[in-house]
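> Next come a sequence and a model predicted from it.
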Amino acid sequence: MKPETDVSPLIVVDWGTTNFRAYLVERSINHFGTCREKVATNDGLLSIQEDYPGVLNKHIGHWLNTTQPTPIILSGMVSSPSGWIEVPHIPCPADLQKLALNAHQIDGFNNGKAWIIPGLSGLGVSGHFDVMRGEEVQYFGATKIIQAHNLPAPEVICFPGTHNKWINTSTNVEGELEHFSTSMTGEIFDLLASQSLLANSINKQGLWQERAFLEGLDNSASQGGLMHQLFTVRSLQLSGAHSNDEGEAYLSGLLIGSEIRSMLNTPNNDRQRQVAIVGASNLALRYKSAIEHLGHCAFTVDAEEATIAGALEIALHLNQ
C-alpha cells in the first residue's frame, strides 16, 4: 500500500497558438502538485504541421510509460477548430465537474489516458457572446491557490496575455465560473508597435521607461478617447517631449489604462476593487503596477502554478 504522502504523476499541457508548455507533476494528498520537470517551446498551433501526436510525443515521450500510463490533461487552443481535436465550448455557468464531464478523451494516445479540456462560452460585459480556452483551467487553479494561501478574495481576476480575460467573481456562485470578458490589448499592442505608423516612434531594444508608462496610464483618461490618444505616441516624439525609448512604455500605458478603466470603472461603480492577476511574472507585475496606480488593490498569482493547480482539480473529476 502506498503511503499517504506518496504521489501519482500527472502530465499537464498548456498548448496555445504560439507556445507549448508541459509539466510533469507529482500529485500530493492535498491535491496540490509539485512540478518535477518542465518543457517550454514555441511549438504552438501556428508553428506545427498538424502532427499533434508527433509533437506531443517529441516533447513528453520520455515521461510516458506504456505499462502504467501517466494521465495527461491538455488545455488551451489545442481544443479549437484549428487545434488537434475540436472540443466545443461549453456554456457558462460551469464548474470543475462540468469541465471534466465534457473533456474529450483521446483514444489513440497514451493508451487513452489523455483528455482535452473544453473551453467556455458566455456573455461579456457588453452583453455579447464571448469565449475562452485555457483560462478556465487557470481560473479554478487560481481560486484554489488564493484560498489555500488566505489571500484577499478578489472581486475580479485578470488574465493578461494576447487576448486578456477579465472574470467578475463577485457575481459567481461559489465553485462556478459565469461571467467573463475578453480584451484584445496584447494583440493590439503588438500590431501597433510593429506594423503601424507608431512603430517609427518606438525603440523595442531600449530599457523600460516606467515614468512614460505611468504617463500613458494617466493620459488614457484624457479627453478625446483612446483613438485620439494613440496618435500622441507619435506626436509627443515628433515634438521632442518623448524619445523613441519612451514610446513602447507610453503606448503600453495608454492601452492598459484604457482597458483597466473599461473593466473596473463602470458608470455605477467607480469604487476601489480587489483584483487578482494571473499571468507571467513581468506582465503580471506591469498590470499590478497599473491597477494600483489607478486606485485599486491587486496581487499576482503565477500562471504556471494556476494551470497546474487547475488541471489537478479537474483530474479529480475525470472518470479514469
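Yes, it's here. Everything quoted here is computed from the prediction, not taken from an experiment.
> Would you state the helices of the stretch 1-150 of the chain in chain order?
Using DSSP state H, counting those that start in this stretch, the helices of the stretch 1-150 of the chain run over 52-60, 96-101, 135-148.
> Redo the ones you listed as a markdown table? Include distance to G224.
Where C-beta positions appear, they are placed from N, C-alpha and C, glycine not excepted. Converted to a markdown table, these look like this (distance: least, Cβ to Cβ, whole Å):
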| stretch | distance to G224 |
| --- | --- |
| helix 52-60 | 47 |
| helix 96-101 | 43 |
| helix 135-148 | 32 |
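> of all these, which gets the most neighbours per residue?
When the helices of the stretch 1-150 of the chain are scored by mean count of other Cβ atoms under 10 Å, the highest mean neighbour count falls to helix 135-148 (a mean of 23).
> Not counting its own residues, what contacts that one?
14, 31-32, 73, 75, 94, 96, 99, 117, 119-120, 151, 153-154, 157, 159, 165, 167, 169, 177, 180, 276, 278, 301, 303, 305-314 (Cβ atoms under 8 Å, 6 or more residues apart in numbering).
> Out of those, which end up buried?
The neighbour-count criterion (16 or more other Cβ atoms under 10 Å) marks 14, 32, 73, 75, 94, 96, 99, 117, 119-120, 154, 157, 159, 165, 167, 169, 177, 180, 276, 278, 301, 303, 305-314 among those as buried.
> quick one: which of those residues sit in strands?
For the buried ones among the contacts of helix 135-148, the ones inside strands are 14, 73, 75, 120, 157, 159, 165, 167, 180, 276, 278, 301, with DSSP state E as the criterion.
> Pull the most distant pair out of those residues.
The largest separation in these, counting by Cβ to Cβ, is between I73 and A276 at 22.4 Å.
> longest helix of the chain?
Determined from DSSP state H, the single longest helix within the chain is helix 244-264.
> That helix to strand 164-168, inter-axis angle?
With axes from the mean of the first three to the mean of the last three Cα atoms, to 10 degrees applied, the angle from helix 244-264 to strand 164-168 works out at 30 degrees.
> Could I get the average pLDDT for helix 244-264?
Taken as a whole, helix 244-264 has an average pLDDT of 97.
> any idea how far it is from the chain center?
Helix 244-264 has its C-alpha centroid displaced from the chain centroid by 19 Å (Cα atoms, centre = their mean, to the nearest Å).
> got it, and stretch 294-309?
Relative to its parent chain, stretch 294-309 has a centroid offset of 10 Å by Cα atoms, centre = their mean.
> do the same with stretch 225-245
On the basis of Cα atoms, centre = their mean, stretch 225-245 sits 30 Å off its chain's mean C-alpha point.
> List the buried residues for that stretch?
Buried residues in stretch 225-245, defined by neighbour count with 16+ other Cβ under 10 Å: 226, 229-230, 232-234, 236-237, 242, 245.
> Dump those to TSV, plus distance to R21 and secondary structure.
As requested, these are exported to TSV (distance: Cβ to Cβ, whole Å; DSSP: H, G, I helix; E, B strand; the rest coil):
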residue	distance to R21	secondary structure
L226	32	helix
Q229	35	helix
L230	32	helix
T232	37	helix
V233	32	helix
R234	36	helix
L236	38	helix
Q237	37	helix
H242	36	coil
D245	32	helix
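> okay, those in TSV with distance to G108 next?
Rendered in TSV, the data for the buried residues of stretch 225-245 read as follows (distance: Cβ to Cβ, whole Å):
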residue	distance to G108
L226	48
Q229	52
L230	48
T232	55
V233	50
R234	53
L236	57
Q237	55
H242	56
D245	52
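> what's the distance between the residue lying closest to D130 once chain neighbours are set aside and I167?
Excluding the flanking residues, the one nearest D130 by Cβ to Cβ, 6 or more residues apart in numbering is G124, at 3.9 Å. The spacing between G124 and I167, counted by Cβ to Cβ, to the nearest Å, is 11 Å.
> Between these two, which contacts overlap?
Residues touching both G124 and I167 (Cβ under 8 Å, 6+ apart) are 179-180.
> and the residue nearest the centre of the chain, bridged to which residues?
Closest residue to the average C-alpha location of the chain: F159 at 4.3 Å, with Cα atoms, centre = their mean. For F159, the beta-bridge partners under DSSP bridges are K165.
> can I assume it is in contact with K165?
Yes - counting by Cβ atoms under 8 Å, F159 touches K165, with 4.2 Å between them.
> Name the nearest of the ones in strands among the buried ones among the contacts of helix 135-148 relative to L45.
Of all these, L45 sits closest to D14, with 12.2 Å by Cβ to Cβ.
> Nearest residue to that closest one in space, please, no chain neighbours.
Leaving aside its chain neighbours, D14 sits nearest to R21 (4.3 Å; criterion: Cβ to Cβ, 6+ apart).
> Let me know the pLDDT of the one you found.
The pLDDT attached to R21 in the predicted structure is 97.
> R27 too?
According to the prediction, R27 has pLDDT 82.
> List the contacts of it.
Listed by Cβ under 8 Å, 6+ apart, the contact partners of R27 are 7-10, 33, 312, 315.
> Drop anything exposed from the residues you listed.
Neighbour counting with 16+ other Cβ under 10 Å marks 9-10, 33, 312, 315 as buried within those.
> Many thanks, have a good one.
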